[in-house]
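Peer 1: Got a sequence here, can you build the structure:
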Amino acid sequence: MLKKMMSCCVLAAGLVAGTAQAAEVNWKFYTYFAANDKPTELHKAFANDIYKASKQRFQIQVFSSGELPYKASDVLRAVGTNQVQMGDVALGFVAGDVPELNAFAMPFACTSMDKFFDKAAPAVEADINNILTGKFKARSIMQWVMPPQQLWLVKPVAGIDGLKNLKVRSWNREQADMMKLLGGSGVTITPSEVIPALQRGVVDGAFTAAVPALDWKFNEVTKMGYMMNVTLAHQIVAVNDQELAKLPADLKQLLLEKTREWAPKYRKEMIEADKIARKTLSAKGVVLLDPTAKEMETMQSITLPMRAEWAVKNGPVAIKMLKTAIDACQ
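Peer 2: Predicted coordinates:
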């Protein structure tokens, strides 16, 4: 009986191994989001769709934060050096590598998800790939965005004047600069460290979208969301150029067709997730405060010179991309 059970186990193990090796092409796809975060769920569904549509010939294994030794700032380089064949790249986190592509991180340049997908993303695709191909031998096969960034605070404020002397986790340098102009300060903290920093009082708040705020249970450590709609977090799904070129023609065509099919799904899912996150956080006791029209005018006015300075500093592509973002989204 024992021998029979052992034989069954060996056979089962062989079947599992055979299934894992059955795919003609095996790729790794890394995202810095956690396993249960909404973007990771979308990436896994996208990869699974390709696996099924290819009749199990093309398998893309999605690795989330902590499963591979990369930070958000490492993803583009990991793709370029073929450590992973695909990566979820937040252009704000890789601004040190491709600063000229960070136009959508400029405060209030583009805060409409619909206008981003309809107008802005198609208009900047060629510029993005010219830079990625030249610097990293990689390319973007899909663009998407996280919902607008808001400011989540441990203690409620009455409005813009309440931001003075506050220290907050900023998602990028521009948010830190904006906080300085408002009388506060911004510090850089990795996503995994945000909750502990809020709990220990290291920071008074943090910039992020409502979706990760709910995923990370901000309702347990913050009391208020100051709904500033500062920026959209511009994301790309990047692939290694060489690996893309090596794909059999039909699998390459399938991959590119699926990215065109899935971009609207990412759009729909993230817009809906933003609505649900706001409603859920509010139900859990987080006060959501919209700035007044005058406060919005003040914030937009003080950040205009910052945007212009960034564009000039980073050259023709930056100038072009910022103008495109503003023209498409305003």
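
Peer 1: mind listing the helices for the stretch 101-250 of the chain?
Peer 2: In the stretch 101-250 of the chain, helices defined by DSSP state H, counting those that start in this stretch lie at 113-115, 121-136, 173-181, 194-200, 210-215, 241-246, 249-283, listed in chain order.

Peer 1: Any idea which of the ones you listed gets closest to T231?
Peer 2: For the helices of the stretch 101-250 of the chain, proximity to T231 was assessed by C-beta to C-beta; helix 173-181 is nearest, at 7.6 Å. Any C-beta I mention is one placed from the backbone N, CA and C, and that applies to glycine too.

Peer 1: What residues of that closest one count as buried?
Peer 2: Applying a neighbour-count criterion of 16 or more other C-beta atoms under 10 Å, the buried positions in helix 173-181 are R173, E174, Q175, A176, D177, M178, M179.

Peer 1: Farthest pair within these?
Peer 2: Farthest apart among the buried residues of helix 173-181 by C-beta to C-beta are R173 and M179. That separation is 10.7 Å.

Peer 1: Okay, domains of this structure per the record?
Peer 2: Each structural domain of the chain that the record assigns through automatic domain parsing is listed here as a residue range: 21-145+232-278, 149-231+281-329.

Peer 1: Switch these over to JSON lines; also include mean pLDDT.
Peer 2: Below are these laid out as JSON lines (pLDDT from 0 to 100):
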{"stretch": "domain 21-145+232-278", "mean pLDDT": "96"}
{"stretch": "domain 149-231+281-329", "mean pLDDT": "94"}
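
Peer 1: Using CSV, write out every CA atom in stretch 236-247.
Peer 2: Presented in CSV, the C-alpha positions along stretch 236-247 are these (Å, rounded to 0.1, in the frame of the first residue of the first chain):
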residue,chain,number,x,y,z
ILE,A,236,3.9,51.1,-18.2
VAL,A,237,4.1,47.4,-18.9
ALA,A,238,7.7,47.1,-20.2
VAL,A,239,9.2,44.2,-22.1
ASN,A,240,12.7,43.3,-23.0
ASP,A,241,13.3,44.1,-26.7
GLN,A,242,15.4,41.0,-27.4
GLU,A,243,12.9,38.6,-25.8
LEU,A,244,10.0,40.3,-27.6
ALA,A,245,11.9,39.8,-30.9
LYS,A,246,12.6,36.1,-30.1
LEU,A,247,8.9,35.3,-29.7
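
Peer 1: Begin at 4, not 1, for the rest of this chat.
Peer 2: Sure thing, new numbering starts at 4, so read that last one as stretch 239-250.

Peer 1: Show me which positions of that stretch end up buried.
Peer 2: The neighbour-count check on stretch 239-250 (16+ other C-beta under 10 Å) flags I239, V240, A241, V242, N243, D244, E246, L247, L250 as buried.

Peer 1: for stretch 64-74, same thing?
Peer 2: Judged by neighbour count (16+ other C-beta under 10 Å), stretch 64-74 contains these buried residues: Q64, V65, F66, S67, S68, L71, Y73.

Peer 1: The last one and Y35 touch, don't they?
Peer 2: The one in question is Y73. Yes - the pair formed by Y73 and Y35 meets the contact definition of C-beta atoms under 8 Å, at 7.2 Å.

Peer 1: Count the neighbours of N232 for me.
Peer 2: 18 (other C-beta atoms under 10 Å).

Peer 1: brain fart, I329
Peer 2: Applying other C-beta under 10 Å, we find 16 residues neighbouring I329.

Peer 1: Also A106?
Peer 2: If you count neighbours by other C-beta under 10 Å, A106 ends up with 28.

Peer 1: now swap in G99 and tell me
Peer 2: G99 has 10 neighbouring residues, counting by other C-beta under 10 Å.

Peer 1: which residues does it contact?
Peer 2: When contacts are counted by C-beta atoms under 8 Å, 6 or more residues apart in numbering, G99 touches S76.

Peer 1: in what helix or strand does it lie?
Peer 2: Under the criterion DSSP states H and E, no helix or strand holds G99.
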